[in-house]
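>>> Just the structure for this:
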Amino acid sequence: MTETDLENAKSMSIIVTKGSLDWAYPPFILGTTAAAMDIKVTMFFTFYGLPLLLKKLDLQMTAFGNAAMKMPMMGMHMGMPNIVNMIPGVDAGATKMMKNMMAQKGVASIEDLREASVDLDIRMIACQMTMDLFEYDTKDMIDGIELGGAATYMETASNSEINLFI
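Residues are numbered from 1 along each chain as shown. Predicted coordinates:
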């Protein structure tokens, strides 16, 4: 690519604010898809999305309060009443069920999508304020991330054709 091509390249920024199993998929799927289409992608991880950059992931489902989550069971789609989520172990059970279903359907893991993000040269920025607030250390994060703040994101977003908040 020439310098002119780089200046005219399409770009996308994504603010990643949630770090549960179900909320981790949209930013990584959209980011890797865009990068594979030669769109320059920057992902800014802040607040509860920041743990997605940890070397060791322990992602759980967030079934509570998600009335739209209906799992295929017994030949139909069944929702989980919010009251059920008060029972200890329900989140762990829902997580296991979702991970099994994803494996059966051939859905890539978040770890695989994150690795693909690195391979596709997606710029991943960890929010410095959130790092300080939640007392994270860069040695606990995957290699190749940048540290930055709101101004770093704003500079990127102001030059991007596509901006997503997830």
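
>>> mean confidence score for stretch 19-35?
The average pLDDT within stretch 19-35 is 95.

>>> Any regions of this structure where pLDDT drops low?
1-8, 63-74, 77-88 (pLDDT under 70).

>>> now the strands for it?
Counting by DSSP state E, the chain has strands at residues 11-16, 40-45, 70-73, 76-79, 123-127, 146-148, 162-165.

>>> Mind putting those strands into TSV with mean neighbour count and distance to Ala103?
Every residue, glycine included, has its C-beta placed from N, CA and C. Output for these, formatted as TSV (neighbours: other C-beta atoms under 10 Å; distance: least, C-beta to C-beta, whole Å):
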stretch	mean neighbour count	distance to Ala103
strand 11-16	23	23
strand 40-45	25	25
strand 70-73	11	15
strand 76-79	11	20
strand 123-127	23	25
strand 146-148	15	32
strand 162-165	14	27
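
>>> Using JSON lines, please lay out those strands together with distance to Glu155.
As requested, the strands of the chain are exported to JSON lines (distance: least, C-beta to C-beta, whole Å):
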{"stretch": "strand 11-16", "distance to Glu155": "10"}
{"stretch": "strand 40-45", "distance to Glu155": "10"}
{"stretch": "strand 70-73", "distance to Glu155": "41"}
{"stretch": "strand 76-79", "distance to Glu155": "42"}
{"stretch": "strand 123-127", "distance to Glu155": "11"}
{"stretch": "strand 146-148", "distance to Glu155": "9"}
{"stretch": "strand 162-165", "distance to Glu155": "12"}
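
>>> My guess is Phe165 contacts Ile15. True?
Yes. Here Phe165 reaches Ile15: they are 4.9 Å apart, a contact under C-beta atoms under 8 Å.

>>> which residue packs closest to the residue nearest in space to the middle of the chain, ignoring adjacent ones?
Residue closest to the average C-alpha location in the chain (C-alpha atoms, centre = their mean): Ala24, at 3.4 Å. Spatial nearest neighbour of Ala24, excluding adjacent residues (C-beta to C-beta, 6 or more residues apart in numbering): Ile110 at 4.8 Å.

>>> just checking, that neighbour touches Tyr25?
Yes. Contact status for Ile110 versus Tyr25: in contact at 7.0 Å, counting by C-beta under 8 Å.

>>> how close does Asp119 sit to Glu146?
17 Å (C-beta to C-beta, to the nearest Å).

>>> ditto for Leu50
Taken as C-beta to C-beta, the span from Leu50 to Glu146 is 13 Å.
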